[in-house]
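Peer 1: using only what follows, build the 3D model:
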Amino acid sequence: MLRDRKEGNEKVSRIRIMHVVRSLGTGGTEEGVRKLLAGLDRETFEQIVCTVVAGPVVEPQTGARMVNLGRSATASGFLVSDLIRVLVREQPHIVHSRNWATIEAVPAARLAGIHGVVHSEHGLDVETMNYQPWRRNVFRRFCFSWADRVFAVSHGLKDYYARQLGRSAERMRVVPNGVDTEHFQPDPAARRELRQRLGVSTDTLVVGTVSRLDPVKDHRSLFQAAELTLSQGIPLQLVIVGDGIERAALERDVEGCPLLRQRALFVGEVRNVTQWINSFDVFVLPSLAEGMSNTLLEAMAVGVAPIATRVGGNPDVIEEGRSGLLFEAGDVQTLATCLRALALDPKRRQDLGTQARQRVKDCFSLQVMLRNYSQLYDQVLRDKGIIVPAVRRTRSVGVRRIDVAEPMRKTR
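Peer 2: Okay, the predicted model is just below:
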């Protein structure tokens, strides 16, 4: 049933890509896939999504076709044989797996005779942010060596896997995330509307964060820093956008903080995330680990002064002291110092926000991201001697904006 394809004797009218992910629900990885589905040139690329977990046959936001392995959300077990059956049936030119949950797509694609195999790493969870189990490291080394391209979304994540796997960091590429800077941009009307809803005065520092409520995001350090800032007489309103497994516990923590109890608002998942970001004076990302945060990019694109931990891709994105501030993960005192400094210096907040937006426009726009992926997929097949479409090969790909206002925005 398996085929050994010959290289260099095939011409393709469109490059057929199969993205393999655990599911296409909440998360930064999933949002990145949706950006590719919506943004890559449709005359050059045909895209399919294969999910491990059972799901719809059409992705609702982009209309892309989806197939799945039919596993339940809690099921475990090897995926290779199931993946081979799907790959033989669908015959993609390139298979692109993401993170540990779908790394078995690499050997499956090789056994199914697929031309191009790409694997990427997009982040860490709280259980594996310091080290990977040795069994995972052994299997990752095997899969990385079998893939045509392996990349991470940040230099920090690339260096992490180089250390874990004992291999040169130069063998792993970096392809950063990108954000639509036309959709995420300053909106004075939205700012006025949301701040009126919050009932805050002009001298109140609105500190916001947008993420899933998960232990790796370390909201508690932000709560402690906000409480310390309030204790120093700084008027502050904390806004937490997002939902997740930690919400009930975090709400109890806030209830136990007398100073913070009336100064913290849990918004949940929202449709108008750009409006909420526009209401912020400062965006804080207190994560213990990150790949490359989409919400950090979005806040910077809106022109909000960012403060983030010095982990993962955050130092790639923020030029410290110029387009934002960085602090060590868990360092509540330094975060509080940063909040106080920006509360007392509105001009510095504005300057950081202005430079943050320019930084994203220059280096982390959606157009740049789509061009990087387009060129990567193109080159994988050309290296195999496959004749691929010449149109738009070296020019910027068109962008069809994903309207994150509908349906409800998922946080990560």
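Peer 1: the strands in the stretch 201-350 of the chain, which residues?
Peer 2: 205-210, 236-241, 264-268, 282-285, 305-309, 325-327 (DSSP state E, counting those that start in this stretch).
Peer 1: can I get these in a markdown table including mean pLDDT and mean neighbour count?
Peer 2: (Glycine included, C-beta is placed from N, CA and C.) Written out in a markdown table, the entries for these read as follows (pLDDT from 0 to 100; neighbours: other Cβ atoms under 10 Å):
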| stretch | mean pLDDT | mean neighbour count |
| --- | --- | --- |
| strand 205-210 | 98 | 24 |
| strand 236-241 | 98 | 24 |
| strand 264-268 | 96 | 17 |
| strand 282-285 | 98 | 26 |
| strand 305-309 | 98 | 27 |
| strand 325-327 | 98 | 22 |
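Peer 1: got CSV for those strands, with distance to His219 too?
Peer 2: Conversion of the strands of the stretch 201-350 of the chain to CSV gives the following (distance: least, Cβ to Cβ, whole Å):
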stretch, distance to His219
strand 205-210, 7
strand 236-241, 7
strand 264-268, 10
strand 282-285, 9
strand 305-309, 12
strand 325-327, 15
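Peer 1: mind saving the C-alpha coords of stretch 117-130 as CSV?
Peer 2: Below are the C-alpha coordinates for stretch 117-130, written out as CSV (Å, rounded to 0.1, in the frame of the first residue of the first chain):
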residue,chain,number,x,y,z
VAL,A,117,7.9,16.8,5.6
VAL,A,118,8.0,19.8,7.9
HIS,A,119,7.8,19.9,11.7
SER,A,120,7.6,22.9,13.9
GLU,A,121,7.6,23.7,17.6
HIS,A,122,5.4,26.4,18.9
GLY,A,123,5.6,26.5,22.7
LEU,A,124,5.9,24.7,26.0
ASP,A,125,3.6,23.8,28.9
VAL,A,126,4.3,24.0,32.6
GLU,A,127,5.2,20.3,32.9
THR,A,128,7.9,20.4,30.2
MET,A,129,9.2,24.0,30.3
ASN,A,130,12.4,23.1,32.1
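Peer 1: any buried residues in it, and which?
Peer 2: Of the residues in stretch 117-130, those buried under the neighbour-count criterion (16 or more other Cβ atoms under 10 Å) are Val117, Val118, His119, Ser120, Glu121, His122, Gly123, Leu124, Thr128, Met129.
Peer 1: now swap in stretch 149-165 and tell me
Peer 2: Applying a neighbour-count criterion of 16+ other Cβ under 10 Å, one finds 149-158, 160-162, 164-165 buried in stretch 149-165.
Peer 1: relative to Ala38, which of the strands of the stretch 201-350 of the chain is closest?
Peer 2: Taking Cβ to Cβ as the criterion, Ala38 comes closest to strand 205-210 out of the strands of the stretch 201-350 of the chain, the separation being 20.5 Å.
Peer 1: which helices and strands does the closest one pack with?
Peer 2: For strand 205-210, the packing partners by 3 or more Cβ pairs under 8 Å, 6 or more residues apart in numbering; DSSP states H and E come out as helix 219-231, strand 236-241, helix 273-279, strand 282-285, helix 294-302, helix 332-343.
Peer 1: hmm, who's touching it?
Peer 2: Under the contact criterion Cβ atoms under 8 Å, 6 or more residues apart in numbering, strand 205-210 has outside partners 195, 198, 200, 217, 219, 222, 226, 229, 234-242, 273, 276-277, 279-286, 295, 298-299, 304, 339, 342-343, 411.
Peer 1: taking helix 294-302 as reference, get the angle to it.
Peer 2: Using axes from the mean of the first three to the mean of the last three Cα atoms, to 10 degrees, the interaxial angle of strand 205-210 with respect to helix 294-302 works out to 140 degrees.
Peer 1: Glu46: which of the buried residues of stretch 117-130 is nearest?
Peer 2: For Glu46, the closest of the buried residues of stretch 117-130 turns out to be Val118, at 15.7 Å, with distances computed as Cβ to Cβ.
Peer 1: just checking, Arg110 touches Val117?
Peer 2: Yes. The pair Arg110 and Val117 qualifies as a contact (Cβ atoms under 8 Å) at a distance of 6.4 Å.
Peer 1: overlap of the contact sets of these two?
Peer 2: The overlap between the contact sets of Arg110 and Val117 (Cβ under 8 Å, 6+ apart) consists of Trp146.
Peer 1: tell me where the protein has helices.
Peer 2: For the chain, the helices defined by DSSP state H occupy 28-39, 80-90, 105-111, 134-146, 155-165, 188-198, 219-231, 247-255, 273-279, 294-302, 314-317, 332-343, 346-363, 366-383.
Peer 1: which strands and helices lie in contact with the first one?
Peer 2: Think helix 28-39. Secondary structure elements in contact with helix 28-39, counted by 3+ Cβ pairs under 8 Å, 6+ apart, are strand 15-21, strand 45-53, helix 294-302, helix 366-383.
Peer 1: and the angle from that helix to strand 15-21?
Peer 2: Computed by the same axes, to 10 degrees, the angle between helix 28-39 and strand 15-21 is 160 degrees.
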